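[1] Would you be able to build a 3D model of this:
(one chain, ligands or ions: 1)
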Amino acid sequence: MMRFDAYLKSKNVDEHLIDVFRSLMHAVRDISRSMNVEDSGKVGSKNVFGEEQIALDVLADKIVYDYMRNNEFVGLIASEEGDGEEKIGDGAYAVCHDPLDGSSLVDVNLSVGTIVGIYKRETFIGAKGDEQVAAMAAVYGPTTTVLLTVRQGVVKFIMNDDGEFILAGEGYAVGEGKMFAPGNLRACESREDYLKLVNFWIKEQYTLRYSGGMVPDVNQIILKGKGIFAYPGYGDAPEGKLRLLFECAPMALLMEEAGGAASDGEKRILEKEILTVAQRTPIFIGSKEEVERCEKYL
Ligand code: F6P
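    Below is the predicted model:
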């Protein structure tokens with residue numbers, strides 16, 4: 001039985017970064033526990049993207065913020081629920097996060113997640129996802145799990161009853177297999193190319209595995225070792241919906257570290273420069289062959 005900090009030590013991870021992860025794991029534990037007791041009704045406020053926030057969005061954001069603020073090794077933070085980046089200290093690490101991705105799924109008891117990307121920078125602006133030193137994605141489902149990378153492959157931890165994160169899997173390798181998660185199907189109305197791609201998957205008898213939450217969908221591809229998640233843009237929103245800094249770059253690092261790929265249709269997600277914290281991007285993420293197919297069709 002190996003705890004996450006012992007795992008990180010065994011990989012010679014910097015002590016300061018291990019401490020940042022300690023704080024992040026405490027945040028995941030607290031968010032997970034609050035899921036069972038907190039009101040999931042809407043609080044009526046909106047985030048900077050104009051989306052309605054629910055009580056848990058606000059709470060999860062506060063939980064991560066408080067842990068990061070109290071960690072001396074974190075100097076910069078940005079949250080999808082916030083309105084920019086904030087210098088919070090002199091620490092070397094910069095943490096960006098989506099505290100509760102897919103939060104509209106909470107009240108119907110579907111899985112949701114927390115996404116985190118970690119850089120060593122003084123500003124996120126001008127960074128590329130490739131500069132991340134680590135990334136993680138927590139899934140709150142029947143169990144609470146965390147996929148984590150320190151750029152030495154991907155490992156999975158499961159939270160036990162004591163709120164400790166125990167190593168539960170490693171050596172993930174995403175290969176080929178017929179499973180698809182086609183997000184933003186509305187785009188098919190005006191995008192013949194996406195319709196053709198979706199038709200390809202259907203005709204080839206791919207298995208549909210789409211939950212409505214990017215974290216559980218991409219988590220599934222990594223754990224099952226096959227598949228593709230797509231979220232293209234169309235019409236007035238050519239860049240789609242998902243954010244480069246908070247969602248796509250950390251998930252792309254996890255996917256690449258598991259042997260898969262992530263592209264915006266033309267370019268690796270990890271090579272895209274972050275121009276604003278709110279920047280969106282189309283994303284095609286999964287096995288290398290599937291991502292290449294998306295690039296070819298679209
Ligand atoms: O906001 C992010 C998100 O909830 C993702 O987790 C999910 O993949 C996507 O939005 C679903 O978007 P839509 O409901 O517009 O299809």
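
[2] Dump stretch 169-177 to CSV, restricted to CA.
    Taking C-alpha atoms only, stretch 169-177 is exported to CSV below (Å, rounded to 0.1, in the frame of the first residue of the first chain):
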residue,chain,number,x,y,z
GLY,A,169,-2.7,1.7,-10.8
GLU,A,170,0.2,2.7,-13.1
GLY,A,171,1.7,2.1,-16.5
TYR,A,172,-1.3,3.3,-18.4
ALA,A,173,-0.9,3.0,-22.2
VAL,A,174,-3.6,4.3,-24.5
GLY,A,175,-3.7,2.3,-27.7
GLU,A,176,-6.3,1.7,-30.4
GLY,A,177,-9.9,0.5,-29.8
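
[3] Now do the buried residues in it.
    Under the neighbour-count criterion of 16 or more other Cβ atoms under 10 Å, stretch 169-177 has 172, 174, 177 buried. For glycine as for every other residue, the C-beta is placed from the backbone atoms N, C-alpha and C.

[4] Kindly report the same for stretch 275-294.
    Those would be 277-288, 290-291, 293-294, for stretch 275-294 by 16+ other Cβ under 10 Å.

[5] ok, residue 136 - contacts?
    Residues counted as contacts of residue 136 (Cβ atoms under 8 Å, 6 or more residues apart in numbering) are 21, 24, 115, 116, 146, 147, 148, 149, 250, 254.

[6] hmm, 7 Å instead?
    Each residue near residue 136 by Cβ atoms under 7 Å, 6 or more residues apart in numbering is listed here: 24, 116, 146, 147, 148.

[7] Which helix or which strand is home to the residue nearest the centre of the chain?
    By Cα atoms, centre = their mean, the chain has its centre lying nearest to residue 115, at 3.9 Å. Here residue 115 sits within strand 112-119, counting by DSSP states H and E.

[8] Would that strand count as contacting the ligand?
    No - using Cβ under 6 Å from any ligand atom, we find that strand 112-119 stays clear of the ligand, coming within 7.7 Å at best.
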